[in-house]
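1. Kindly return the folded structure for what I paste below:
(one chain, ligands or ions: 2)
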Amino acid sequence: MKLLVTGGAGYIGSVVTRLLLDAGHEVVILDDLRTGHAEALAPDATFAQVSLHDAATVLTPDSGFDGVLHFAGLISAGDSMTQPETYWDINMIGSLRLLDAARAAGVRRFVFSSTAAVYGNPAEIPIRESSLKSPTNTYGATKLAFDLALTSEAWGHGLAAVSLRYFNVAGAYLRPGVAIGERHDPETHLIPIALQVAAGKRDKLMLFGDDYPTPDGTCVRDYIHVEDLAQAHLLALDAAKPGEHRIYNLGNGSGFTNRQVVEVVAEVTGQPVPVEVAHRREGDPATLVASSDLAHAELGWTPTKPTLHDMVSDAWTFYREHTQ
Ligand SMILES: NC(=O)c1ccc[n+]([C@@H]2O[C@H](COP(=O)([O-])OP(=O)(O)OC[C@H]3O[C@@H](n4cnc5c(N)ncnc54)[C@H](O)[C@@H]3O)[C@@H](O)[C@H]2O)c1
Ligand SMILES: O=c1ccn([C@@H]2O[C@H](COP(=O)(O)OP(=O)(O)O[C@H]3O[C@H](CO)[C@H](O)[C@H](O)[C@H]3O)[C@@H](O)[C@H]2O)c(=O)[nH]1
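-> Ligands and ions are numbered 1, 2, ... in the order given. Now for the predicted structure:
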């Protein structure tokens, strides 16, 4: 297939691009590099440095794309609470412009990076796709809004749409001569920050809240290896059916508290990771753990790297290679 990958210079999009190319697809990447990295671009893909709002310049009516995989967007739950207008502009309006362009270009398949953040403080654990959606941060609200737009697009125009609701993505894609991992500036995610502390680049990790209703008072998250996550996109592309919007949670079904994550980072790196307890971060749900039964049953998806130790270990390998 000829596929457009938005956000292909970012962490997850650049890994998925490599798997798509390995599977024999032709890939064009749309990314404005606002948070992505030119070095992460797959050399065998075509690159267009274009923003989502201008997607129609790439998705022209005669461009011949079979599908779009949409990763581009802003991703920090914390920032979304202080810059809501930017999150709505990019994650919602930018995504709608992309969808308009895809429709005009006759694109039939669309796979979207949704998130566990759409559920907010879940009414049940593990979280199923049918669980109540009640986001506690603007990031999750923008993602839920675009999920709903995709449902409408499937109803109204017969799009074959899939939303993949990722839980917390971790680990790295490591091949001889290629290492792709999580690298945001400024970094906001727990594992890369803990690795920076272990490496001596930061003095300590600020632990946002230890008074949540969880086993040790810190938030609980479900971590999924970026390669397992990437594989689900290829399965979703194949499973997409015209007029249907399918939605799948992607996680391992095991929750780790933030303190447990810090312990695993200390164990893997062999370095201390000092923490200082700080105030809760606005908008953080206490516990997010997935049921991915639907993805197992309907996509035949099975994670191959489910242990947090392996994810942290791959992230640490990436961190050291990158900083050297
Ligand atoms: N990382 C996670 O744990 C996680 C969890 C759930 C969902 N997601 C979703 O997965 C997707 C990819 O996340 P990631 O971790 O790879 O993020 P990332 O920041 O590494 O990549 C995002 C990419 O999108 C590009 N981009 C952003 N705004 C753009 C715009 N307006 N026009 C064109 N390009 C733009 C950036 O330059 C970057 O290359 C996001 O949609 C995110 O919301 C991520
Ligand atoms: O310096 C830090 C950074 C994070 N945390 C805590 O660690 C946990 C995980 O935070 P992350 O920022 O690593 O990840 P989030 O759970 O907030 O969100 C991530 O996963 C979500 C899905 O679960 C989203 O999709 C989102 O894109 C992605 O950022 C949270 O309790 C957070 O408060 C800290 O205590 N200190």
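
2. Contacts only, for E267.
-> H309 (C-beta atoms under 8 Å, 6 or more residues apart in numbering). Where you see a C-beta, it was placed from the backbone N, CA and C, and this is true even at glycine.

3. Any residue of the helix or strand containing it touching ligand 1?
-> Per DSSP states H and E, E267 falls inside helix 258-269. No. Helix 258-269 is not in contact with ligand 1 by C-beta under 6 Å from any ligand atom; minimum separation 13.0 Å.

4. In the stretch 151-300 of the chain, what residue comes closest to ligand 2?
-> For the stretch 151-300 of the chain, the residue closest to ligand 2 is C219, as judged by C-beta to the nearest ligand atom, at 3.2 Å.

5. Give the burial count for that residue, as a bare number.
-> 24 (other C-beta atoms under 10 Å).

6. Give me the pLDDT value at it.
-> We have a pLDDT of 98 for C219.

7. what's the answer for A161, then?
-> In this prediction, A161 carries a pLDDT score of 98.

8. so is the nearest residue in space to D185 that is not next to it in sequence in a helix, a strand, or just coil?
-> Spatial nearest neighbour of D185, excluding adjacent residues (C-beta to C-beta, 6 or more residues apart in numbering): T35 at 7.7 Å. Three-state assignment for T35 (DSSP: H, G, I helix; E, B strand; the rest coil): coil.

9. T35 reaches G13, doesn't it?
-> No. Assessed by C-beta atoms under 8 Å, T35 is found out of contact with G13, at 11.0 Å.

10. Which pLDDT value belongs to the residue nearest to D185?
-> Model confidence at T35 (pLDDT) stands at 96.

11. how about it, phi and psi?
-> Backbone torsions of T35, given as degrees, to the nearest 10, read phi -130, psi -10.

12. show me the residues around it that make contact.
-> Counting by C-beta under 8 Å, 6+ apart, T35 makes contact with 10, 74-75, 184-185.

13. Please list the residues of the stretch 51-200 of the chain that sit near ligand 1.
-> 51-52, 71-73, 75, 90, 94, 113, 115, 166, 168-169, 184.

14. Could you rerun that using 5 Å?
-> 51-52, 71-73, 75, 90, 94, 113, 115, 166, 168-169 (C-beta under 5 Å from any ligand atom).

15. and A240, what is it in contact with?
-> Counting by C-beta under 8 Å, 6+ apart, A240 touches 67, 109-111, 160-162, 246.

16. from those residues, which is closest to P176?
-> Checking the contacts of A240 against P176 with C-beta to C-beta, the nearest one is V111 at 28.4 Å.

17. Next, the closest one: secondary structure please.
-> For V111, the secondary structure call by three-state DSSP comes out as strand.

18. Quick check, pLDDT for it.
-> So V111 comes in at 99 (pLDDT).

19. And it, how far from S14?
-> As judged by C-beta to C-beta, to the nearest Å, V111 and S14 stand 16 Å apart.

20. what's the answer for R183, then?
-> Using C-beta to C-beta, R183 is found at 10 Å from S14.

21. quick one on the thing from earlier: pick out the most distant pair among the residues of the stretch 51-200 of the chain next to ligand 1.
-> Largest pairwise distance in those, by C-beta to C-beta, is 26.7 Å, between S51 and N168.

22. Quick check: buried residues in stretch 302-309?
-> Buried residues in stretch 302-309, counted by 16 or more other C-beta atoms under 10 Å: 303, 305-306, 308.

23. swap in stretch 89-102?
-> Neighbour counts over stretch 89-102 (16+ other C-beta under 10 Å) mark 90-92, 94-99, 101-102 as buried.

24. pLDDT below threshold where in the stretch 201-324 of the chain?
-> Applying pLDDT under 70 to the stretch 201-324 of the chain flags no residue at all.

25. thought P84 was touching T138?
-> Yes. With contact defined as C-beta under 8 Å, P84 and T138 form a contacting pair (4.5 Å).

26. Neighbour count: those two, which is higher?
-> A side-by-side neighbour count of P84 and T138, using other C-beta under 10 Å, places T138 first with 24 against 15.

27. Angles on the backbone of that one, please.
-> phi -70, psi -40.

28. Setting aside sequence neighbours, what's the nearest residue to it?
-> Closest to T138 by C-beta to C-beta, 6+ apart is S80, at 3.9 Å.

29. Compute the number of surrounding residues for the one you found.
-> Considering only other C-beta under 10 Å, S80 is surrounded by 25 other residues.

30. so who does P272 touch?
-> Listed by C-beta under 8 Å, 6+ apart, the contact set of P272 reads 198, 266.

31. And it, which helix or strand is it part of?
-> With DSSP H and E as criterion, P272 is part of no helix or strand.
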